[in-house]
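>>> have a look at this fold, sequence not included:
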């Protein structure tokens, strides 16, 4: 582990008392975690989606009509030109684009919203709808004639759809992976692989289950527990320390789920204020938007909860390594002081993370010129407020529980060390 810890001879065998104490602690942890794992596995099998969505269908917004293609190209220059908006001629922005498939440059009509918010510049790679084939099939003299590229009243033959972001996003993902592995080494690599497994559980189990109308609270608890078991043990290894963090995380998940369930009912959160939720409501079927919101409240707390429980368990072990003769009560108090600092910083982290994600919504609410309390409890912000409060409460309560479990386990696994410095090798040596 870290520098400054005592290192005993790695070949020194632990004493009989140390072996018995360690075995006792292992059995206690196994007695709790093994049944929990089995129950979670059985529940996951019973809740596993069948793949039948029933009548739930949502048209693909990127589906193309016959004769229309989605092409890509590189913008060479941006120009203003005449176009027809409704019954009045107007000025429109066109991006002169070189198609990736080759050929002459085309004039792509830009979306006005994109030009106001971000704009387009030479060198940008874009996706655009190619309507030229269906326009050529129109009868001569139609408003959709082949000469649509020329300035005037005709509809454009090429219409902006989106930017091509593949290269910058892959570069950013590669940079992130390199930094994580360079700093955290193999543990960082395992964490990245565990993250991939977590998203697999989300995509293959939780999301299809919600679509099929499975109980959202059970889906969230079972899926989150599976994710935490896989991520923690895969990234941090199988040890008493990791098992302690897992128990604290499961406790925090239980508290978060109970609070989220109560808050959804007491706060009358419908979740239909946002456009995606409204689209789901219109689908009908067994899909429950409020259940999706409930599931989201629980999943949103996973990252911060995992962070504080792992850190708190590690703090207890490190403090014990520095002073193995410290009484359990004092060890708990010292570790909890570290936890209090972590609580303060993590609560800020959760609040700012949600505020940053909802910044456009916050600006809109601020422009409404409503009283602060009314704005915070209104349908636009209530869900974000509940998410912050529920996640923070579960996080705060998980810290003392994790600390208490860690103290009990570390004292049990290292109790024989109190008999003398030669009774058991240090944790770092083990």
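Here it is on my side, so go on. In this text, all values refer to a predicted model and were calculated from it rather than measured experimentally.

>>> what bits of this protein have low per-residue confidence?
1-22, 53-65, 84-89, 136-154, 270-287, 380, 414-430 (pLDDT under 70).

>>> surely residue 368 meets residue 374?
No - Residue 368 is beyond contact range of residue 374, at 9.2 Å (criterion: CB atoms under 8 Å). Every C-beta, even on glycine, is put in place using the N, C-alpha and C of the backbone.

>>> from residue 297, how far off is residue 76?
48 Å (CB to CB, to the nearest Å).

>>> who has more neighbours, these two?
Taking other CB atoms under 10 Å, residue 76 and residue 297 do not tie; residue 297 has more neighbours (26 against 12).

>>> need the next SSE after the longest strand seen in the chain, C-terminal direction.
Assignment by DSSP state E gives strand 69-85 as the longest strand of the chain. Using DSSP states H and E, the helix or strand that follows strand 69-85 in sequence is strand 88-99.

>>> output the contacting helices and strands for the helix or strand that comes right after that next one.
Next helix or strand after strand 88-99 toward the C-terminus (DSSP H and E): strand 106-109. Where contact means 3 or more CB pairs under 8 Å, 6 or more residues apart in numbering; DSSP states H and E, strand 106-109 is packed against strand 69-85, strand 88-99, strand 125-130, strand 158-163.

>>> roughly how far is strand 106-109 from the heart of the chain?
37 Å (CA atoms, centre = their mean, to the nearest Å).

>>> stretch 363-376 too?
Distance, centroid of stretch 363-376 to centroid of chain: 28 Å (CA atoms, centre = their mean).

>>> cool, stretch 94-104 as well?
With CA atoms, centre = their mean as the basis, stretch 94-104 stands 37 Å off its chain's centre.

>>> relative to residue 342, how far out is residue 247?
Counting by CB to CB, the separation of residue 247 from residue 342 is 18 Å.

>>> neighbour-wise, which of those two wins?
Ranked by neighbour count (other CB under 10 Å), residue 247 and residue 342 place residue 247 first, with 22 against 18.

>>> which one is the more buried one nearest to, not counting chain neighbours?
With sequence-adjacent residues excluded and distances taken as CB to CB, 6 or more residues apart in numbering, residue 247 is closest to residue 405, at 5.4 Å.

>>> next: residue 309.
residue 248 (3.9 Å).

>>> now for the one you found: which residues touch it?
309, 312-313, 398-399, 401-402, 405-406 (CB atoms under 8 Å, 6 or more residues apart in numbering).

>>> with residue 80 instead?
Contacts of residue 80 by CB under 8 Å, 6+ apart are 91-94.

>>> repeat that for residue 358.
Here residue 358 is in contact with 381, 384 (criterion: CB under 8 Å, 6+ apart).

>>> look up phi and psi at it.
phi -100, psi 20 (degrees, to the nearest 10).

>>> distance of residue 249 from residue 321?
23 Å.

>>> and if you look at residue 251?
25 Å.

>>> could you give the number of residues near residue 99?
17.

>>> thinking again about what came up before, show me what counts as buried in the longest strand of the chain.
Within strand 69-85, the residues that count as buried by 16 or more other CB atoms under 10 Å are 71-75, 78, 83-84.

>>> do the same with stretch 322-329
Quick answer for stretch 322-329 (16+ other CB under 10 Å): 324, 326.

>>> contacts only, for residue 228.
246, 249-250, 253, 302, 306.

>>> how about those residues, which pair is most distant?
Pairwise distances across the contacts of residue 228 peak at 12.5 Å for 246 and 302 (criterion: CB to CB).

>>> so between residue 249 and residue 321, which is more surrounded?
Neighbours were counted for residue 249 and for residue 321 using other CB under 10 Å; residue 249 has more, 30 against 18.
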